[in-house]
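Engineer: Compute the structure for the input listed below.
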Amino acid sequence: MIEDFSNIVQFAFILVCFISILIFFYASRSKIFVLYSLIWLLIQSIIAFSGLYLNFNSFPPRMMILGLLPSLIFLISLFFLKNGKLFIEQIDLQFLTYIHTIRLPIEIILFLLFRAELMSIYVTLEGTNFDIITGISAPVIALISFKKKKILKKTLLIWNFLGLLLLINVMVTAVLSTPSPIQMIAFNQPNIAILYFPFNFLPSYIAPLMLFSHLVAIKKLTFNVSESKL
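Structural biologist: Here you go, the predicted structure:
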């Protein structure tokens, strides 16, 4: 945990993480996924408190090897496994749209971390991160795209593609502005916060979950999945 930084903000971030788990539970109705999420966050907490992420000279960067990549590999693998495909089929698309609302408070928290000189300007709205657009528009899109049991598929598909591009942009920017041998920007004020609890949950859980949510939505909207399953 970061000393001399607002405990309220740190608590708020933890709360946002648990809200994301709750919304995804309502979308998937999967207790197993909730269990996975809690175990993974516990593992990430132990890693963060152990200080493993604070070795800036490690290559590949430990945050990528121990945080981001395992989460991405697990979630992407669900698209290819039999049980994973069944799990994806049962996910409710409307709740999957609402889950992106959490990106709004996350962007606010990132800005506060930037003001505290714990994050790069590049991962905020003042830099090159416009992910807040997805967070603000998510509840609106969820409301207008599911009217009278008719889904505005084209609108929802375009929105998910744009949200995915915005997310990839900030993820790449975050990797390049975090202290490591592959850091390329933000040397004066790099991303320090995501190497500490609880903000390490952002690259190790929240970002991969948002990416997975977009990919699931795009898969459902691109392939001829019946509306009853959406």
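
Engineer: For this structure, name the helix or strand with the lowest mean pLDDT.
Structural biologist: strand 150-151 (a mean of 72; mean pLDDT, DSSP states H and E).

Engineer: Can you name every helix or strand that the very next helix or strand once past that strand contacts?
Structural biologist: Using DSSP states H and E, the helix or strand that directly follows strand 150-151 along the chain is helix 153-176. Judged by 3 or more C-beta pairs under 8 Å, 6 or more residues apart in numbering; DSSP states H and E, the packing partners of helix 153-176 are helix 132-144, helix 207-222. Where you see a C-beta, it was placed from the backbone N, CA and C, and this is true even at glycine.

Engineer: mind checking which of those helices is nearest Gln44?
Structural biologist: helix 207-222 (11.5 Å; C-beta to C-beta).

Engineer: Show me which residues of the closest one are buried.
Structural biologist: By 16 or more other C-beta atoms under 10 Å, the buried positions in helix 207-222 come out as 207-221.

Engineer: Next, name the residue at the spatial heart of this structure.
Structural biologist: Using C-alpha atoms, centre = their mean, the residue of the chain that lies closest to the mean C-alpha position is Ala207, 2.0 Å off.

Engineer: Just give the nearest non-adjacent residue to that residue, would you?
Structural biologist: Take Ala207 and drop its neighbours on the chain: the residue closest to it by C-beta to C-beta, 6 or more residues apart in numbering is Met171, 5.6 Å away.

Engineer: what's near enough to touch the one you found?
Structural biologist: Residues in contact with Met171 (C-beta atoms under 8 Å, 6 or more residues apart in numbering) are 203, 207, 211.

Engineer: can we see that at 10 Å?
Structural biologist: By C-beta atoms under 10 Å, 6 or more residues apart in numbering, Met171 lies in contact with 68, 72, 123, 129, 131, 202-203, 207-208, 210-211.

Engineer: Spell out which two among these are the most distant pair, please.
Structural biologist: Of all pairs in the contacts of Met171, the most separated under C-beta to C-beta is Leu72 and Asn129 at 19.2 Å.

Engineer: For the two, indicate the residue with more neighbours.
Structural biologist: In this view Leu72 and Asn129 are compared by other C-beta atoms under 10 Å, and Asn129 has more residues nearby, 25 against 18.

Engineer: So that one: helix, strand or coil?
Structural biologist: coil (DSSP: H, G, I helix; E, B strand; the rest coil).

Engineer: For Ser58, see how far away the nearest residue to it once chain neighbours are set aside is.
Structural biologist: The shortest distance from Asn129 to any non-neighbouring residue, by C-beta to C-beta, 6+ apart, is to Val170 (4.6 Å). Relative to Ser58, Val170 is positioned 23 Å away (C-beta to C-beta, to the nearest Å).
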